[in-house]
Each structure stands twice: as structure tokens, then as C-alpha cells.
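Got a sequence here, can you model it:
(chains A and B)
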Amino acid sequence: AQKVTQAQTEISVVEKEDVTLDCVYETRDTTYYLFWYKQPPSGELVFLIRRNSFDEQNEISGRYSWNFQKSTSSFNFTITASQVVDSAVYFCALIFLSNDYKLSFGAGTTVTVRA
Amino acid sequence: GAGVSQSPSNKVTEKGKDVELRCDPISGHTALYWYRQRLGQGLEFLIYFQGNSAPDKSGLPSDRFSAERTGESVSTLTIQRTQQEDSAVYLCASSLVSGGAYNEQFFGPGTRLTVL
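Numbering: from 1, shown residues only, chains lettered A, B, ... in the order given. You can find the predicted model right below:
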């Protein structure tokens, strides 16, 4: 079975704190692609980052960074020095090679950043 | 130039009525996707079009749901005899081609459907 799990339902932080969002997945595919999307209150999903399963190099892009650990099937996402505008629902998603057009989403984590 | 657009943005209907939801993908995008998002949940895949054909309709919840795409452009998702459990936000996405790795799916703002 292929499944994406975001165990954290809601996270609330004070501005400038770091926020780490957890994502674990299950698949038998050896090739897959990992995404994080942001859904602000306006409702439109915004693409944030993408990795493929062959590349475990973790990177930083501005205030965003991610930690992909293939051995534990985890793809965690961190927002550094959070801002109020980061308040949104964040979704982890995967595309598996066996269904390479279909994004499989986790349930989402609601992040609230308080001033 | 514009992103994916969807209409209407909100639709309230009575149980048993039919509804049509429209998606205008980004110009030139050959692949188009419909997803459903129930309140507080992630997105569920419904159907995907490559050009005007739909190779995968496996996500459609029942035979009350159908979708079509014409001219490799606009797509319409039709729900017949709506039920209260159909209440959700219906999101459309498009990508330049199908094959998800580096063909990012761009999402529209969604249509919020409420069935009374």
C-alpha cells in the first residue's frame, strides 16, 4: 500500500520560532518524488519544494529546509524564523513511479504563527 | 499568462440536483487533474486527463461523477444527483505534460461545493 502520513494535525508557534513538519510515507516503489505544498487561507495550493528518491541531499532554500531520510521513509520540512504569513496548512505529497501523474497527499498540518 | 482558474468559486445546491464545475488550465498544459478536498483533510485524486482522454478515472467516487475535457483545454466535472457527502472543495490542477516528477502541477483556487 502507498500512504502518506502527517501525524501533526496542528502546530502553533510564536513568530521567529522554527517549525518542523513531519511526513512519513509507505511505498514499495524505489522511484518516487516528494513535494511540500502550502495552502494559505485563500485556498490555492502553492508548490514549495520537490525532491526525488535518489537524491537524499538536504538543502536550504531561503527560510525553508528539508530533511529526506530514505532509510526511515521520512521527508520533514522546516520553516526557520517563522512569520505570521507562514500561517497555512502544509501538505506533504508524493508521486510514485507506478502512478506517475497522481499526487498522493497527507492530511495536512495546520501551522499558526502568532505575532 | 494566467494561472489555473475555476468557476464557480462557490456553489450551494440542494440534494438531488446536478452541478457542473469548470476548470480552465494554464494555456499549453496538456495534463489536467481533478482532486477533492473534504473539510480538514488532504486532497483525494479523482481523475486525470492527458489531452482530451482520461487514462485514469479510478478516483471518481461513484458513477454520479463524470468529467470531460474538450480542445485540450477546458474541463468540466459533473456531479449528478448530489448528496451531502459530496460537499467539499474541488480543486483542479494542470501541468505541461503528465508524469509527475518534474512536471509540477499548478493548482487553481478550487470550487467550494455545499450540498444542503
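
which parts of chain B sit against chain A?
For chain B, the residues in contact with chain A (Cβ under 8 Å from any Cβ of the partner chain) are B:31, B:33, B:35, B:40-45, B:48, B:50, B:56, B:59, B:89, B:91, B:93, B:98-102, B:104-110, B:112. The way it works is simple: take the backbone N, C-alpha and C, and place the C-beta from them, glycine included.

Selection in ChimeraX covering whichever of those are buried, please.
To isolate the buried ones among the residues of chain B next to chain A in ChimeraX, judged by 16 or more other Cβ atoms under 10 Å in any protein chain shown, type:
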select /B:31,33,35,42,43,44,45,48,50,56,59,89,91,93,98,100,105,106,107,108,109,110,112
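
surely A:Thr31 meets A:Leu94?
No. Contact between A:Thr31 and A:Leu94 fails when scored by Cβ atoms under 8 Å: they sit 11.0 Å apart.

neighbour-wise, which of those two wins?
The neighbour count for A:Thr31 versus A:Leu94, taken as other Cβ atoms under 10 Å in any protein chain shown, is higher for A:Leu94 (25 against 14).

Quick check: what element follows the lowest-mean-pLDDT helix or strand in chain A along the chain?
Taking mean pLDDT, DSSP states H and E as the measure, strand A:60-61 is the helix or strand of chain A with the lowest mean score, a mean of 74. Once the chain leaves strand A:60-61, the next helix or strand it forms, by DSSP states H and E, is strand A:64-69.

which residues of chain B score low on pLDDT?
B:1, B:98-102 (pLDDT under 70).

whoops, chain A was the one
For chain A, applying pLDDT under 70 flags the ranges A:1.
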